[in-house]
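Trainee: sharing a model that was predicted from the sequence below.
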Amino acid sequence: MEYKTSNEIQELLGISRTTLHRLEKEGLPFEKLGRTKRYELFTVEYWLSSRQHGIESLIVGNHYSNDEICSYFKVGNMGGMRRSHTTNALVIISDHTKMYDDRFEVNSEGEEIIHYTGMGKKGDQDLNFAQNKTLYGSNKNGIKVYLFEKFSDELGYVYRGQVRLIGEPYEERQYGEDNILRKVYMFPLMILNKNVVIEEEEVRQSFEDQLAIAEKEEKFLSLKELAEKSRQNPARSKRKTATISYVRNPYVRAYVKKRANGVCELCEQPAHFNDKNGNPYLECHHIEFLSQGGSDTIENCVALCVVCHKKAHIVNDPEDRLKMMKKAGFDNPL
């Protein structure tokens, strides 16, 4: 049998002395030797896993309410990272209804990986702060990490099952809740269940919701400010849906539409009609298609009228491409 001291168990589980005492009151097994305590590791691990039986009844791919998440995992009802000492679990939520910068990729083996943004909405994030530290140590501290995704308020949260940290967290620059650029940590996590894919309609709807936020900001942000926001998340995000879906940056679209100012950037004629809000209707076109490795950046995008957009996809004329590349590359205010 392998025994641990109180300090060793605290370090192993990543908990405080107060939390250890609370778990002991809830039934965490230990042996008392005089004034000291010792904990048999296998027995402790079995006791912790037994408290997760309710979680095992959840079905990956199903939608659950916030109240149900709180009930099953014994976590609080707010925040993107929620830890429970009672179930020895960490719940992380990727909320696509807000402007968070979690990214997805699908590797060559068809495995889906989420690059999850750490905890802390304002100022530089700290890798040793709260649940950032918990997630960072999750491969060693015995805590199981579970992922939920939120695409709309109506449908609730999609349960993706367990995830596992597969690399070192890395630094990025993103805008905080106060709209100030700051340092954040990105956690590369593999989604362990490969059998569930997200509905394409949910991905599309979440992009439309984010686009609505970006277009509201477009009215009071300058071209330079929109360009800076579009660059805070330069990597492409690719989702495993029924087919492969590319998740686009709404600030790229907002930028090119503002740059075009109602005029097609290929034929140089005013938009053929206005949208339902009375704005000139132009579509964002990727010069180098995303499916062929093109980037979702302002240097690879132009705003086109519906006719030119259709032409660009069907004809893909080299002279048109050159004109669009010059418009995207040399009309840049930065």
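Mentor: Structure received.

Trainee: ok, the residue lying closest to residue 20 once chain neighbours are set aside - contacts?
Mentor: Distances taken as Cβ to Cβ, 6 or more residues apart in numbering put residue 10 closest to residue 20, at 5.7 Å, once the chain neighbours are dropped. No exception for glycine: its C-beta is placed from N, CA and C like everyone else's. Each residue near residue 10 by Cβ atoms under 8 Å, 6 or more residues apart in numbering is listed here: 16-17, 20.

Trainee: which intervals of the stretch 1-150 of the chain have sub-threshold pLDDT?
Mentor: 99-100 (pLDDT under 70).

Trainee: show the buried residues in the contacts of residue 10.
Mentor: residue 20 (16 or more other Cβ atoms under 10 Å).

Trainee: three-state assignment of residue 37?
Mentor: strand (DSSP: H, G, I helix; E, B strand; the rest coil).

Trainee: so what's it bridging to?
Mentor: When bridges are called by DSSP bridges, residue 37 pairs up with residue 32.

Trainee: for the remainder of this discussion, apply numbering that starts at 50.
Mentor: All right, first residue 50 from here; so that's residue 86.

Trainee: distance check, it against residue 59.
Mentor: In this view, residue 86 and residue 59 are 11 Å apart by Cβ to Cβ, to the nearest Å.

Trainee: how about residue 116?
Mentor: Using Cβ to Cβ, one gets 31 Å for the distance from residue 116 to residue 59.

Trainee: equivalent analysis for residue 316, please.
Mentor: Per Cβ to Cβ, residue 316 is found 68 Å from residue 59.

Trainee: ok, residue 325 next?
Mentor: To residue 59, residue 325 is 59 Å away according to Cβ to Cβ.

Trainee: residue 374 now?
Mentor: 58 Å.

Trainee: number of residues surrounding the residue lying closest to residue 54 once chain neighbours are set aside?
Mentor: With sequence-adjacent residues excluded and distances taken as Cβ to Cβ, 6+ apart, residue 54 is closest to residue 87, at 6.3 Å. By other Cβ atoms under 10 Å, the residues close to residue 87 number 15.

Trainee: before we move on, what about residue 53?
Mentor: 18.

Trainee: tell me the SS of it?
Mentor: strand.

Trainee: ok, it - contacts?
Mentor: By Cβ under 8 Å, 6+ apart, the contact list for residue 53 reads 61, 87-90, 93.

Trainee: enumerate every residue touching residue 343.
Mentor: So residue 343 contacts 335-337, 349 (Cβ under 8 Å, 6+ apart).

Trainee: so what's the residue sitting nearest the centre point of the chain closest to, chain neighbours aside?
Mentor: By Cα atoms, centre = their mean, the chain has its centre lying nearest to residue 151, at 2.2 Å. Spatially, and ignoring its direct neighbours in sequence, residue 151 is nearest to residue 143 (4.5 Å; Cβ to Cβ, 6+ apart).

Trainee: what helix or strand is that neighbour on?
Mentor: strand 138-144 (DSSP states H and E).

Trainee: got a list of contacts for that strand?
Mentor: 101, 104, 118, 122, 124, 128-133, 149, 151, 163, 165, 180, 183-184, 187, 192-199, 206, 212, 238.

Trainee: can you show me the CA trace of stretch 167-182 as PDB?
Mentor: These are the backbone C-alpha positions of stretch 167-182, laid out as PDB (Å, rounded to 0.1, in the frame of the first residue of the first chain):
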ATOM      1  CA  GLY A 167      -7.400  30.900 -19.400                       C
ATOM      2  CA  MET A 168      -9.200  32.500 -16.500                       C
ATOM      3  CA  GLY A 169      -9.200  36.200 -15.900                       C
ATOM      4  CA  LYS A 170     -11.200  38.800 -17.900                       C
ATOM      5  CA  LYS A 171      -9.100  41.900 -17.200                       C
ATOM      6  CA  GLY A 172      -5.400  42.500 -17.100                       C
ATOM      7  CA  ASP A 173      -2.600  40.000 -17.700                       C
ATOM      8  CA  GLN A 174      -3.500  36.400 -16.800                       C
ATOM      9  CA  ASP A 175      -1.500  34.500 -14.300                       C
ATOM     10  CA  LEU A 176      -0.800  30.800 -14.900                       C
ATOM     11  CA  ASN A 177      -0.700  30.200 -11.100                       C
ATOM     12  CA  PHE A 178      -4.100  31.900 -10.500                       C
ATOM     13  CA  ALA A 179      -7.100  29.900  -9.400                       C
ATOM     14  CA  GLN A 180      -8.300  27.500 -12.000                       C
ATOM     15  CA  ASN A 181      -5.500  28.200 -14.400                       C
ATOM     16  CA  LYS A 182      -3.300  26.400 -12.000                       C
END
